[in-house]
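1. pasting the sequence and the predicted model now:
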Amino acid sequence: MEFPDGLRKYNILHQKQVMLIRECIKKYNLPYDLIINEQLLECNKLPKTPSKHLAVLLLCYFREATKIELKKISDQPPAIIRDLRNSGFKFKQDNSNKYFYKNEHGLICRKIIGFQATKNKSYQLVKDILQKSVSAAISAIEIYNKPDFKYREENFTILMVNAWELLLKGKIIFENNGKLKSIYVKKNNRLVKNRSGNPMTISVIDAAKILNNQNKLPEKCLINLTALIEIRDNSIHFINKDLLLSKKVQEFGTANLKNFLSLVNQWFDVDLKKYNFYLMPISFYHIPELESNSISKQTDQIKLLREYLNKVLLDNQSDDIEDYNIALKIETKFVKASESQTVNFKYSNDPNATQIKVSEESVFETQYPLQYNDIIDLMEKKFTDFKRNQKFYKLKKEFEDKTKHGEKYCKERYLNVHKTGTKRNYYSPEIIKELGRHYTKK
């Protein structure tokens, strides 16, 4: 793939920035007529990851980017434009709008015409709130993953809800140009104060609803967070002594962490990959064992809570393709050595080491569950302009190319157990996300 000519002369002076921009161009399939100069490469507000913010910045930087182009990068380009403006990037505007203008053809366009570093101290407050939020989430994970901790699920939900409350309030303050009043509780146009005389702030669920109503917080994040808050409330006011409920906490908690990571990156362009954001699986317990180990006579409180969580899952069917989730399951399976279609391997140089066998059937079920017709069905459901045409077949062929992507998106499987003759491609859900970058969501 070729890159803008402007990048070549900066290979030595701005090596890191050039690599970042090249990665972003490739990731988001950006056009070739981008304008790169020293002013951009030396900008202290240049995003540090190949994110949507960087992609939008590159599209608009001294270049006229249409609304249609930006739609391919994000469903919410105005929010990203606002973030870039708050960082100091100046956009061309008309008399009626700060974010866009209409060109001579009547098309809505956005264009960056300069940069001026902001010195607003209020954004330091948002940065501090975000750091506290991330610290609370890390503490929640550390406690949950301790080998023997008697108050594991309760502490996890309490700390994780606290992490979300800080994240959501930080976002509201950021959207309101650093004004603390944006999260204060008012009654009859007067501030409500707490026992110490300080202004009361809105609750976590109110903060979530405000952002959801503004289309900044996805609906699935709100549903998942509401469920976690219900578990937390039951933990604080009573006890949750039930192994099946612990399993539900892990399923909702795992999705909650994934949603948290995605929003921190999307809202504030902060990459948390350096932290191990995962919950140790409890799936060595299986359903019959959990049933027998649960307390014999469930309290009404626990029974009602489990019924509520089950209803949430029933009313909101999961979708592996979506970026945000209500609940995620982690399963551990033991496959008998006599089962057919197994791949042998050793993670040791010792010939006497214990051998582990992984079922090939399980690999395709979990990592490559989609067939060609599944891709067509999903694309038609999710995108308004999808068609089975030359564009689609060209993109599909690109992601099937093993020399470029290995087996990230696609894996071949022979229909014959002897691995001869006819073979068929099976696909990872990741291919839908990549294909989706080239179409418009419904």
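-> Structure received. Residues are numbered from 1 along each chain as shown.
2. right, and residue 246 touches residue 156 too?
-> No. Assessed by C-beta atoms under 8 Å, residue 246 is found out of contact with residue 156, at 10.1 Å. C-beta here means a position set from N, CA and C on the backbone, and glycine is covered the same way.
3. when the two are compared, which one has more neighbours?
-> Per other C-beta atoms under 10 Å, whichever of residue 246 and residue 156 has more neighbours is residue 156, with 29 against 18.
4. contact partners for the more buried one?
-> Counting by C-beta atoms under 8 Å, 6 or more residues apart in numbering, residue 156 makes contact with 140-141, 143-144, 249, 253, 279.
5. could I get those residues as a markdown table with secondary structure and pLDDT?
-> Below are those laid out as a markdown table (DSSP: H, G, I helix; E, B strand; the rest coil; pLDDT from 0 to 100):
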| residue | secondary structure | pLDDT |
| --- | --- | --- |
| 140 | helix | 89 |
| 141 | helix | 87 |
| 143 | helix | 86 |
| 144 | helix | 83 |
| 249 | helix | 78 |
| 253 | helix | 83 |
| 279 | coil | 59 |
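6. ok, and the most crowded of those residues?
-> Going by other C-beta under 10 Å, residue 249 tops the contacts of residue 156 with 28 neighbours.
7. surely residue 205 touches residue 229?
-> Yes. Using C-beta under 8 Å, residue 205 makes contact with residue 229 at a distance of 6.2 Å.
8. compare those two (neighbour count), which wins?
-> Per other C-beta under 10 Å, whichever of residue 205 and residue 229 has more neighbours is residue 229, with 19 against 16.
9. surely that one touches residue 203?
-> No. Between residue 229 and residue 203 there is no contact, the gap being 9.2 Å when judged by C-beta under 8 Å.
10. what helices and strands are in contact with the host helix or strand of residue 232?
-> Following DSSP states H and E, one finds residue 232 within helix 219-237. When contacts are defined as 3 or more C-beta pairs under 8 Å, 6 or more residues apart in numbering; DSSP states H and E, helix 219-237 packs onto helix 152-175, helix 204-213, helix 243-268, helix 300-315.
11. and those as CSV, adding distance to residue 225?
-> CSV is the format used below for the helices and strands packed on helix 219-237 (distance: least, C-beta to C-beta, whole Å):
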stretch, distance to residue 225
helix 152-175, 6
helix 204-213, 6
helix 243-268, 7
helix 300-315, 11
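12. now for those helices, which one comes closest to residue 20?
-> Residue 20 sits nearest to helix 243-268 of all those, at 14.8 Å, using C-beta to C-beta.
13. could you export the helix holding residue 232 as CSV, CA atoms only?
-> The C-alpha coordinates for helix 219-237 follow below in CSV (Å, rounded to 0.1, in the frame of the first residue of the first chain):
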residue,chain,number,x,y,z
GLU,A,219,-27.9,1.3,24.9
LYS,A,220,-26.2,-2.0,25.7
CYS,A,221,-23.8,-0.3,28.0
LEU,A,222,-26.7,1.3,29.9
ILE,A,223,-28.5,-2.0,30.3
ASN,A,224,-25.3,-3.8,31.5
LEU,A,225,-24.5,-1.1,33.9
THR,A,226,-28.0,-1.0,35.3
ALA,A,227,-27.8,-4.8,36.0
LEU,A,228,-24.4,-4.4,37.7
ILE,A,229,-25.8,-1.6,39.9
GLU,A,230,-28.7,-3.9,40.9
ILE,A,231,-26.2,-6.5,42.0
ARG,A,232,-24.2,-3.9,43.9
ASP,A,233,-27.3,-2.6,45.7
ASN,A,234,-28.2,-6.1,46.8
SER,A,235,-24.6,-6.7,47.9
ILE,A,236,-24.6,-3.5,50.1
HIS,A,237,-27.9,-4.0,51.7
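14. quick check: buried residues in it?
-> For helix 219-237, the buried set under the neighbour-count rule, 16 or more other C-beta atoms under 10 Å, comprises 220-225, 227-232, 234-235.
15. give me the angle between it and helix 152-175.
-> Calculated by axes from the mean of the first three to the mean of the last three C-alpha atoms, to 10 degrees, helix 219-237 forms an angle of 130 degrees with helix 152-175.
16. next, the angle helix 243-268 makes with helix 219-237.
-> Going by the same axes, to 10 degrees, helix 219-237 makes 130 degrees with helix 243-268.
17. could you pull up the mean pLDDT of helix 219-237?
-> For helix 219-237, the mean pLDDT works out to 82.
18. one more: stretch 26-43?
-> 83.
19. all set now, cheers.
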